[in-house]
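> got a sequence here, can you model it:
(2 chains)
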Amino acid sequence: MKSISHDRWALLVSAVILLVLPLVASGYVLYIVNLLMVFVVLSLGMHVVIGEAGQFALSHTAFYGIGIYTAGLINTACHPPFFISILAGGLLSAVLGYVIGLLALRMRDIYLALATFAFGEAMQWVFLNWDKVTGGSNGMRMQPAELFGLKLTNDLQAYPFVIGVAALMLWLTVILSRSQYGSCLRAVRESEVAAMAMGINVKAMKQSAFAISAAFAGIAGGMYTLFTSFIHPESLGFQTTILVLTMVVVGGIGSVRGAVLGAIVFGLISELLRQALSVQEIIYGVILMGFMMFKPKGLFAGNQKRAATVITPAASA
Amino acid sequence: MSAPPFLDIEGVTVRFGGLVAVNKLSFQVERGTIHALIGPNGAGKSTTFNCISRYYQPTSGRIRIQGEDVSDYKPERMAGLGVARTFQNLELFSDLTVYENVLLGCHAHSANTLKGLLSRPSGETRDLVDSLIERVGLMHDRDTRASELDFGHQKLLELARALALKPRLLLLDEPAAGLRNHDIEGLNRLLTELTQRDGITVLLVEHVMQLVMAVSHRITVMSFGEKIAEGTPQEIGQDPLVIEAYLGKGAAHA
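Predicted coordinates:
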């Protein structure tokens, strides 16, 4: 019970900070916060498929890209309220995620990781070469997202909506994790053989986890279009997937709290290291190794007993 | 006309490549009884078991439950029919708590609709889970992860999880293996109670003869994939073929 009130406190404090921030912070700081919120949703999506369902899907950035291009193209073409273009990207990603989820029915572990990695690479190639739609290697300019005539042209205007969508996705993740569906995903992760004996449709669980995870990534892509006007396929490569994987694993695999805090910490680190370009990778690697050596179970998953209390539905009821 | 037997195995053969693991096996289990399947290692008991719970597909033969032919069913469909099983080498959800393990056993009746799946378990389900944890004596470890329990307690947890299905047929694969005498007596009492009070039919694969002889109504003996004897515990205890299969040729005459 104690850890739950900790989480409540953390949420309350974050809410206050996020409310005050636009009054005092510069545009750059708000841009960072917006970007971190995108990472939080990406990380939550990967948490569902890897952390809960135990399926090593490394195609996350592909769905993120699909979300960005879909929302960006829709915004440019017909200026609908932004949530429509975000939803469209999420939906398209979910459908494709469901199809890619078929892979998980035939292979597992490292083989699944390789196959989904290949899909991610293929999608980046599509983004780079489908000139007519994505602008190819020139990148793509996008019209700003709108809400009933209000154009979101800077980070401050986008800020409340980016935060809102991130909060909604976090809430959905918590609901999902505490539902019996969440239990079923963890059952599949722990033992497919036993899950079947419980009457759990293992294939449906895996495929739906893929679809939900992809939907999260697609929605994260849509969020990105709220505060940016340009996308280049170079940023949609395997590096981004690895960054999100780092957030989930080092944050504490299997824990919603770990996925959120991992996204914030590693999103910040990767953004701050952008200033020190030449040594960026080295510093990043050292930090990562340090975390893996001293906190192999994750930074924020709490001790095991505590993690167990959080995921037990009755304990949090 | 009498009702069909609860479980009807008819001419089941399982081949793995050139190996015949089970050969034209037939037997029936009557409702509300404890039926034991015994035999030396490699006799095909677990293979038979895996056919009934639909993990293996027999090469030929039929499996019927209350007259319903289940020979082509998928394993996840069996829970809905009231068939629960435990595993010889434990298949717990190791990283989950005792509570969540047993809760997952309720899946077939508490999360069988989309609405059920997306909501938290009902109060009724949570009470059932707690009563089962209590019944196998694990209340003290309710929020402990399954992997942290000792072996005997893990076996009990698997049993509680199987009971959470509200089974009509319980398939137990060596539930007494690795248990101490004291725990075997508890298991003995629990099995008798399950059939007498709850009307559950039990098919038991077991090597611990002390338990088999005490609780079984009928025993089917297998050796090298074939049924070599069937009868009450008394009959089986005196059957020369059984003694030979277990102790080797000549032992029956000694």
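
> tell me the residue of the stretch 151-254 of chain B that sits nearest chain A?
residue B:165 (7.2 Å; Cβ to the nearest Cβ). C-betas here are computed from N, CA, C, even on glycine.

> oh, that last question was meant for chain B, not what I typed.
Counting by Cβ to the nearest Cβ, chain B gets nearest chain A through residue B:79, at 2.8 Å.

> what is the subsequent helix or strand relative to the helix or strand residue A:114 falls within?
Assigned by DSSP states H and E, residue A:114 belongs to helix A:109-129. Following helix A:109-129 in sequence order, the next helix or strand is helix A:131-134 (DSSP H and E).

> what's next to the helix or strand that that next one is followed by, contact-wise?
Counting by DSSP H and E, the element after helix A:131-134 in chain order, helix or strand, is strand A:140-141. Identification of contacts with strand A:140-141 by Cβ atoms under 8 Å, 6 or more residues apart in numbering or on different chains yields A:69, A:72, A:76, A:134-135, A:229-232.

> these: which ones sit near chain B?
Checked against chain B using Cβ under 8 Å from any Cβ of the partner chain, the contacts of strand A:140-141 yield no neighbours at all.

> out of those residues, which is most surrounded?
residue A:72 (27 neighbours; other Cβ atoms under 10 Å in any protein chain shown).

> so what's it closest to, chain neighbours aside?
residue A:142 (3.7 Å; Cβ to Cβ, 6 or more residues apart in numbering or on different chains).

> kindly report the residues of the stretch 101-250 of chain A close to chain B.
With Cβ under 8 Å from any Cβ as the criterion, the stretch 101-250 of chain A meets chain B at residues A:175-176, A:178-181, A:183-184, A:186-187, A:189-191, A:193-202.

> averaged pLDDT, the lengthiest helix in chain B. What do you get?
Longest helix in chain B, counting residues (DSSP state H): helix B:181-198. The average pLDDT for helix B:181-198 rounds to 90.

> re earlier: how about the residue of the stretch 151-254 of chain B closest to chain A: what's its closest non-neighbour residue?
Of all residues not flanking residue B:165 in the chain, residue B:84 sits nearest, at 4.1 Å (Cβ to Cβ, 6+ apart).

> same check, this time on residue B:139
That would be residue B:133: by Cβ to Cβ, 6+ apart, it lies 5.4 Å from residue B:139.

> can you pull the contacts of the one you found?
B:98-99, B:102, B:139, B:142, B:160.

> what ranges of the stretch 201-317 of chain A fall below the confidence cut-off?
A:276-277, A:301-317 (pLDDT under 70).

> residue B:73 belongs to a helix, doesn't it?
No - applying DSSP: H, G, I helix; E, B strand; the rest coil, one finds residue B:73 to be coil, outside a helix.

> assign the closest residue to it other than its chain neighbours to helix, strand or coil.
Using Cβ to Cβ, 6+ apart and skipping the chain neighbours, the partner closest in space to residue B:73 is residue B:54 (5.3 Å). Secondary structure, three-state DSSP: residue B:54 is coil.

> contacting residues around the closest residue in space to residue B:69 that isn't next to it in sequence?
Computed as Cβ to Cβ, 6+ apart, the closest residue to residue B:69 that is not its neighbour in sequence is residue B:62, at 6.0 Å. Residues counted as contacts of residue B:62 (Cβ under 8 Å, 6+ apart) are B:8-12, B:69, B:71.

> assumed residue B:62 was part of a strand.
Yes - under three-state DSSP, residue B:62 falls within a strand.

> need the strands for the chain, in chain order.
No chain was given, so I picked chain A. A:140-141, A:146-147, A:150-151, A:230-231 (DSSP state E).

> think we crossed wires, I meant chain B
Using DSSP E, strands in chain B cover B:7-16, B:19-29, B:34-38, B:60-65, B:68-69, B:83-85, B:169-173, B:201-205, B:218-223, B:226-231.

> packed most tightly, which of these would that be?
Stretch with highest mean neighbour count among the strands of chain B: strand B:83-85 (a mean of 27; mean count of other Cβ atoms under 10 Å in any protein chain shown).

> endpoints of stretch A:147-156, how far apart?
14 Å (Cα to Cα, to the nearest Å).

> rounded mean pLDDT for it, please.
84.

> quick one: that stretch to chain centroid distance?
23 Å (Cα atoms, centre = their mean, to the nearest Å).

> buried set for that stretch?
Buried residues in stretch A:147-156, counted by 16 or more other Cβ atoms under 10 Å in any protein chain shown: A:152, A:155-156.

> can you list contacts of that stretch?
A:22, A:27, A:30-31, A:34, A:81-83, A:144-146, A:157-158, A:161, A:226-227.

> same deal with stretch A:116-124?
A:56-62, A:65-66, A:100, A:103, A:233, A:236-238, A:241.

> swap in stretch B:145-156?
Contacts of stretch B:145-156 (Cβ under 8 Å, 6+ apart): A:304, A:308, B:86, B:90, B:92-98, B:101, B:136-138, B:141, B:157, B:175, B:177-180, B:183.

> just the buried ones among the residues you listed, please.
Members of the contacts of stretch B:145-156 classed as buried by 16+ other Cβ under 10 Å are A:308, B:86, B:90, B:92-98, B:101, B:136, B:138, B:141, B:157, B:175, B:179, B:183.

> for residue B:88, give me its contacts.
Counting by Cβ under 8 Å, 6+ apart, residue B:88 has contacts B:46, B:173-174, B:177, B:205.

> distance-wise, check it relative to residue B:46.
For residue B:88, the distance to residue B:46 equals 6 Å [Cβ to Cβ, to the nearest Å].

> what's the overlap in contacts for these two?
With Cβ under 8 Å, 6+ apart, residue B:88 and residue B:46 have common neighbours B:173, B:205.

> dig out what residue A:140 forms beta bridges with.
residue A:231 (DSSP bridges).

> for the one 10 residues further on, same thing?
Beta bridges link residue A:150 to residue A:147 when assigned by DSSP bridges.

> swap in residue B:35?
Counting by DSSP bridges, the residues bridging with residue B:35 are residue B:203, residue B:218.

> make sure residue A:101 is actually in contact with residue A:209.
Yes - in this structure residue A:101 lies within contact range of residue A:209 using Cβ atoms under 8 Å: 7.4 Å.

> just curious, which of the contacts of stretch A:147-156 is nearest to residue B:19?
Nearest to residue B:19, judged by Cβ to Cβ, of the contacts of stretch A:147-156 is residue A:83 at 60.7 Å.

> check the spacing between the closest one and residue B:211 real quick.
For residue A:83, the distance to residue B:211 - Cβ to Cβ - is 63 Å.

> between these two, who's got more neighbours?
residue B:211 (21 against 16).

> residues contacting that one?
Neighbours of residue B:211 in contact, by Cβ under 8 Å, 6+ apart: B:176, B:184, B:187-188.

> pipe these into TSV and attach distance to chain A per row.
Shown next, in TSV, are the contacts of residue B:211 (distance: Cβ to the nearest Cβ, whole Å):
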residue	distance to chain A
B:176	20
B:184	24
B:187	20
B:188	24
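
> dump those into a markdown table; add neighbour count as well.
A markdown table is the format used below for the contacts of residue B:211 (neighbours: other Cβ atoms under 10 Å in any protein chain shown):
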| residue | neighbour count |
| --- | --- |
| B:176 | 23 |
| B:184 | 17 |
| B:187 | 22 |
| B:188 | 16 |
